[in-house]
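Q: take a look and give me a structure for this.
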Amino acid sequence: MNKAKANQLRIIGGQWRGRKLSFADGEGLRPTMDRVRETLFNWLQSEIAGAHCLDMFSGSGALGLEALSRYAGEVVMIDKNPHAIRMIRNNLKLLGADNAQLLQMDACAYLRTDQDTATPKKFDIVFLDPPFNKQLVEPFCQLLDKADCLSDHAGIYIEIEKKTALPALPEGWVVVKEKKAGQSAYYLVRVDK
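A: Predicted coordinates:
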């Protein structure tokens, strides 16, 4: 496969359906596969329009851009890689998306900063797809649970390597959907507090 095609992703549905976008190279960067995104957004189809979303490890931007294409109200996209941020910014500009907040920072720092504000943002949907083999899912679930940033009955999408068991989730978090594809296992979790 040539490098140009390897660094492209396709928007699956919504207003930008079929658009192909470039993304930056990066260690461990693996955009969520098309069929996985299609399944995920089928799970979320009745709630994505108008939703406030948090894409914690944006990388290629595939999940956040897909949410925006499907009329999410706002997507906060976070990544600490400057090349990834630059490509996502270019793609947002290319698509004319003005309801995204793009932050070059560590997702952990964002959660800690946001909870220190007088009125932290509340997110309806969170995309948690950290780099594989780094054991980041459990600590970030704990951080999300402690931060006052989840709306009632928020949905959290978790993607991990297939060979790894889903770590213990915070109290009141329930897996409602799960599937496996390629090297990934992915889950939709609901917060029921």
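Q: helix or strand with the lowest mean pLDDT in this structure?
A: helix 3-6 (a mean of 50; mean pLDDT, DSSP states H and E).
Q: the helix or strand just after that helix: which residues count as buried?
A: The helix or strand immediately downstream of helix 3-6 is strand 8-10, counting by DSSP states H and E. Neighbour-count burial for strand 8-10 flags residue 9 (criterion: 16 or more other CB atoms under 10 Å). For glycine as for every other residue, the C-beta is placed from the backbone atoms N, C-alpha and C.
Q: packing partners of strand 8-10?
A: Here strand 8-10 touches strand 20-22, going by 3 or more CB pairs under 8 Å, 6 or more residues apart in numbering; DSSP states H and E.
Q: the helix or strand following the strand it packs on: which residues count as buried?
A: Using DSSP H and E, the helix or strand that follows strand 20-22 in sequence is helix 34-43. By neighbour count on 16+ other CB under 10 Å, the buried set for helix 34-43 is 36, 37, 39, 40, 41, 43.
Q: which one of these is nearest to residue 163?
A: Of all these, residue 36 has the smallest distance to residue 163: 16.4 Å, by CB to CB.
Q: distance check, that closest one against residue 174.
A: Noted for residue 36: a distance of 21 Å to residue 174, by CB to CB, to the nearest Å.
Q: and residue 135, by the same measure?
A: 22 Å.
Q: what of residue 73?
A: 24 Å.
Q: more crowded one of those two?
A: When residue 73 and residue 174 are compared for neighbours, residue 73 comes out ahead with 14 against 10, by other CB atoms under 10 Å.
Q: measure that one to residue 33 for me?
A: Between residue 73 and residue 33 the distance is 26 Å, computed by CB to CB.
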